[in-house]
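Enquirer: Everything below, folded, please.
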Amino acid sequence: MVRRYVSIIVGFAVTLVVTLIGEFALKLTDEGTYLVFVCGAMATLVVALLQVDLERKVDSSIAVLRDEIAWKFSMFENLEKIDDIKLRNDIYELVEQISKGKIPPNIAATRTRSLLSGAARKMQTSYYAPQVGRLLEWKSHARQRTYFEGNVAALARGVKIERNFLLRKSEAMPEGKWDKDVQEVLREQMECGIEVRILWLEDLDVRGPRFDVEQEFAIFDDKEVMIVSRKYGNTLFRLPSERVAEYKEIFAEQLKYTVALSALL
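Expert: The predicted structure follows:
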């Protein structure tokens, strides 16, 4: 603070000296002398304001750095309190896996809600429902309804949601007409603002790509991918894991075989 005031005083003193030199030594006109004084005073004020802004930013950065160092020190201090060497090594290994983008199943199983609330830009999801009963879980299962409500909240925040439903036409449209309950589920998703597209599994059987469709996944902001498989359970990967890019490619490949729900209703 004192240094700042000193620099302002020095700045104005220099401005005054330069003004006097212009007035008596260089014989400037009154307008010229006034211009020299005003420019010097303005330059002094601008430098002072920049100094204030810089000091605030430095103080803020130091505070953040101090808090981060304290947090990291506390974390390592707590780790050192674990007297079982094997357990401590297991924890180090867990941290290393997460840093590489592989999230363990016990964390993945409970992270969906935080991913939903944290998504800022977009979600891309794929839902595998070869039987009508599987699709109707969006209506009947409390967990699926909670997930859907999270979708609606994300849409309200401006998140773009794209969802591919992988269905069998023979199940969803018996005799060429939509099953009433299936249509209700799909329409609800579309009308709340989700970009719903349909991928007919019969098409994949004939000419489709060779990727595993018997799983569901959701990509959050191109950073994390949650994979739900009835065979392998829930898994979660985040950058820098290559699995994120892999599932982005799968979703893009699916799009080639989909049709917008709005064109089918």
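
Enquirer: can we go C-alpha only for contacts and neighbour counts from here?
Expert: Will do.

Enquirer: Just the strands from the stretch 151-265 of the chain, written as ranges.
Expert: Under the criterion DSSP state E, counting those that start in this stretch, the stretch 151-265 of the chain contains strands at 160-167, 195-200, 216-220, 224-229, 233-238, 258-260.

Enquirer: Give me whichever of those is most buried.
Expert: Most buried of these, by mean neighbour count (mean count of other Cα atoms under 10 Å): strand 216-220, with a mean of 24.

Enquirer: how far off strand 233-238 does that one point, in degrees?
Expert: Interaxial angle, strand 216-220 versus strand 233-238 (axes from the mean of the first three to the mean of the last three Cα atoms, to 10 degrees): 20 degrees.

Enquirer: report the angle between the axes of strand 216-220 and strand 224-229?
Expert: 170 degrees.

Enquirer: elements contacting strand 216-220?
Expert: Other helices and strands packing on strand 216-220, by 3 or more Cα pairs under 8 Å, 6 or more residues apart in numbering; DSSP states H and E, are strand 122-129, strand 224-229, helix 242-255.

Enquirer: quick revisit: just send the strands of the stretch 151-265 of the chain back as CSV, with mean pLDDT too.
Expert: Listed next are the strands of the stretch 151-265 of the chain as CSV, based on pLDDT from 0 to 100:
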stretch, mean pLDDT
strand 160-167, 96
strand 195-200, 95
strand 216-220, 93
strand 224-229, 87
strand 233-238, 84
strand 258-260, 94
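
Enquirer: Format those strands as CSV; extra columns: distance to L115.
Expert: Listed next are the strands of the stretch 151-265 of the chain as CSV, based on distance: least, Cα to Cα, whole Å:
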stretch, distance to L115
strand 160-167, 13
strand 195-200, 19
strand 216-220, 7
strand 224-229, 8
strand 233-238, 11
strand 258-260, 26
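
Enquirer: And for A63, the neighbour number?
Expert: 12 (other Cα atoms under 10 Å).

Enquirer: and if you look at the one 5 residues further on?
Expert: Other residues within reach of E68, judged by other Cα under 10 Å, total 12.

Enquirer: quick one: average confidence on the helix or strand where it lies?
Expert: According to DSSP states H and E, E68 maps onto helix 30-80. For helix 30-80, mean pLDDT is 62.

Enquirer: again with stretch 93-110
Expert: What stretch 93-110 shows for mean pLDDT is 78.

Enquirer: in that stretch, what's buried?
Expert: Neighbour-count burial for stretch 93-110, counted by 16 or more other Cα atoms under 10 Å, picks out 98, 101-103, 108-109.
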